[in-house]
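Engineer: The sequence isn't on hand, but the structure is:
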């Protein structure tokens, strides 16, 4: 009897033999499923067989069940083979061995299984940051702001390349002043003042330091003394640009290439072939400044030729309008709508220059401000390295409100008929903002000029549209909140704790609903007189609790405390608020001035009316001293020693003077008494 007895049957393998069944079970265990195909893995040594046996013991439930099911299938097949040939079965009966006994199955322990692969632990949400804010209700996206990186010690050498197209404006070949058909139309558009509001140099470090304090949630600068921003009134006074009318409402940031070719051919007299080449070079519906200057020059020459040849009036007028449009497009692209490339202007703005008689009906001020806001939002992120928008306006705003910041000289020939931005000539500053960061961290409230345009109102009166609150836009891609209630001190009112930005700038608005809300601002989207509160006497007043609230929801300082310096008191914000809201005055200087004035009057002959006026003036001059002393006394009672003998003496004298004032004003005595 050979070794093949019981192992083959009719030229095929027989599974009736016990050893054959064991081998079949062994092959089954060594089979792996790979992409739907069975792959047989042969063990290389006996150690591997031992490992397989250990694997079975550890996973005896699954393997036992699979082996049992497989053996049942083999037994059914064996019975069919035994029925075919009983004699072969009898010959190999002695060699058969009984199958191994089935092992008892055990239930899985779900707790043990779960313990081997515990779920990943999620990081706890950040609810506050060192240096503020402690409450993220106002600035929920503060974690992505550049101030976080600066506080950690990162981005120390970060600076922004501030885009400035002043050279392009200076090198532009303007027509002579007596060319009426050109300058009359340009003056009617209201855009001519933009020729005077550009600077040769920008202080990159200064603009970077202010940009690091800009927050997109409120579109305001968060400074140690509170919030400030560039308002519509700032745009009107700094640039003399219209801030009323319809805002630019185009879709996206640019038009299609086909639409751009049509507009350039019809409104700029620019051939389609050349236009197609320019768009291909600029990778979109954009025209480079060099090409736009060339279009302007060629159209101007064409006007001269047409006038000499005495062509039809329609032809001459068309060429003149194309010349004016190319100039205005160049002017807007180099000022209000300066992008980060500084190489081209988007053709989409030509949409608003089609009818030159309607150019002044568009709200260039509000749309240009939204364009600036959009680039400030992007520059407040750590990864941004360039600042687009009209940075000359941004720089002029800083120079107007902060006399301490930025080197500049004032034009001695400046007239209020010109925009206020034309008043300054800033020097070129350093590109790194390190020193400006420190200066801003140490800023005090009396260093700010809250209302710098009071002597300019005869030329540029205040417009009620500046009280609009809601969204402003420059097309659908650049929409930003405009919230004047957050900067009431810039409008001459006491600053109160403002509403949440979501209340004023509601979500889910489209370009049509925004335009409608802006047009109907006097009805609903308006900072009412009740919301404005009382007028501010000194320009920096705030309601009680404003500074403490601001320090809780914002990050007013950028530099972290230096190791070794004394720690701030826990009630620092409250103490700071008391110092800011209190009317600061120098008691000694006021009393010295009053003393000199009284002595000067007493040296001469005084009538009763003159004496009465003198006493009334002295009374008014000393009133702030009384108010200041009372406020300081409250702090002294709380434990702060700020009261000295001189202050006590002044208050005593004021009490005596009050009695004398009452006697004189009531007419019960004379000056001699």
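Structural biologist: Sure, I can see it. From a predicted model like this one, the values you see are computed outputs, not experimental measurements.

Engineer: If you count contacts, what does the host helix or strand of residue 436 end up packed against?
Structural biologist: Using DSSP states H and E, residue 436 sits within helix 434-441. In this structure, helix 434-441 packs against helix 204-211, with contacts taken as 3 or more Cβ pairs under 8 Å, 6 or more residues apart in numbering; DSSP states H and E. Bear in mind the C-beta positions are built from the backbone N, C-alpha and C, glycine included.

Engineer: mind listing the strands for the stretch 301-450 of the chain?
Structural biologist: 344-346, 386-387, 408-410, 424-426 (DSSP state E, counting those that start in this stretch).

Engineer: Name the residues of the first one that are buried.
Structural biologist: The one in question is strand 344-346. 344, 345, 346 (16 or more other Cβ atoms under 10 Å).

Engineer: Quick check: of these, which lies closest to residue 126?
Structural biologist: Nearest to residue 126 out of these is residue 346 (Cβ to Cβ; 38.7 Å).

Engineer: Need the nearest residue in space to that closest one, chain neighbours excluded.
Structural biologist: residue 254 (4.9 Å; Cβ to Cβ, 6 or more residues apart in numbering).

Engineer: Residues in a beta bridge with residue 425, which ones?
Structural biologist: Under DSSP bridges, the beta-bridge partners of residue 425 are residue 409.

Engineer: Please list all residues in contact with it.
Structural biologist: The neighbourhood of residue 425, defined by Cβ atoms under 8 Å, 6 or more residues apart in numbering, consists of 199, 200, 408, 409, 410, 411.

Engineer: Same list (these) but as TSV, adding distance to residue 384 and neighbour count.
Structural biologist: Shown next, in TSV, are the contacts of residue 425 (distance: Cβ to Cβ, whole Å; neighbours: other Cβ atoms under 10 Å):
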residue	distance to residue 384	neighbour count
199	22	22
200	25	13
408	26	20
409	31	9
410	32	10
411	33	12
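
Engineer: Show me which pair in those is furthest apart.
Structural biologist: Top of the distance list for those (Cβ to Cβ): 200 and 410, 15.4 Å.

Engineer: pLDDT at the closest residue to residue 559 other than its chain neighbours, what is it?
Structural biologist: Of all residues not flanking residue 559 in the chain, residue 441 sits nearest, at 5.5 Å (Cβ to Cβ, 6+ apart). On pLDDT, residue 441 comes in at 93.

Engineer: my read: residue 441 touches residue 558, true?
Structural biologist: Yes: here residue 441 reaches residue 558: they are 6.2 Å apart, a contact under Cβ atoms under 8 Å.

Engineer: between these two, who's got more neighbours?
Structural biologist: residue 558 (21 against 14; other Cβ atoms under 10 Å).

Engineer: wait, what's in contact with the more buried one?
Structural biologist: Contacts of residue 558 by Cβ under 8 Å, 6+ apart are 147, 150, 151, 212, 213, 437, 440, 441.

Engineer: run the last query once more with 7 Å
Structural biologist: Residue 558 sits next to 147, 150, 151, 212, 437, 441 when contact means Cβ atoms under 7 Å, 6 or more residues apart in numbering.

Engineer: Produce a ChimeraX select command limited to the buried residues of those.
Structural biologist: Here is the ChimeraX selection string for the buried members of the contacts of residue 558, based on 16+ other Cβ under 10 Å:
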select :147,150,151,212,437
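
Engineer: returning to that earlier point: tell me which of the strands of the stretch 301-450 of the chain sits nearest to residue 486.
Structural biologist: strand 386-387 (22.2 Å).

Engineer: So which residues lie in contact with that closest one, not counting its own?
Structural biologist: 160, 161, 162, 163, 207, 211, 340, 375, 379.

Engineer: Show me the strands paired with it, marking each as parallel or antiparallel.
Structural biologist: Those paired with strand 386-387 in the sheet (DSSP bridges) are strand 161-162 (parallel).

Engineer: Please enumerate the helices of the stretch 501-650 of the chain.
Structural biologist: Listed in chain order, the helices of the stretch 501-650 of the chain (DSSP state H, counting those that start in this stretch) span 501-504, 511-519, 529-532, 546-553, 572-581, 587-602, 608-637, 645-665.

Engineer: Looking at the fifth one now, give me its mean pLDDT.
Structural biologist: In this model, helix 572-581 carries a mean pLDDT of 55.

Engineer: same thing with the fourth one?
Structural biologist: Average pLDDT, helix 546-553: 94.

Engineer: Give me the helices and strands touching it, please.
Structural biologist: helix 572-581 (3 or more Cβ pairs under 7 Å, 6 or more residues apart in numbering; DSSP states H and E).
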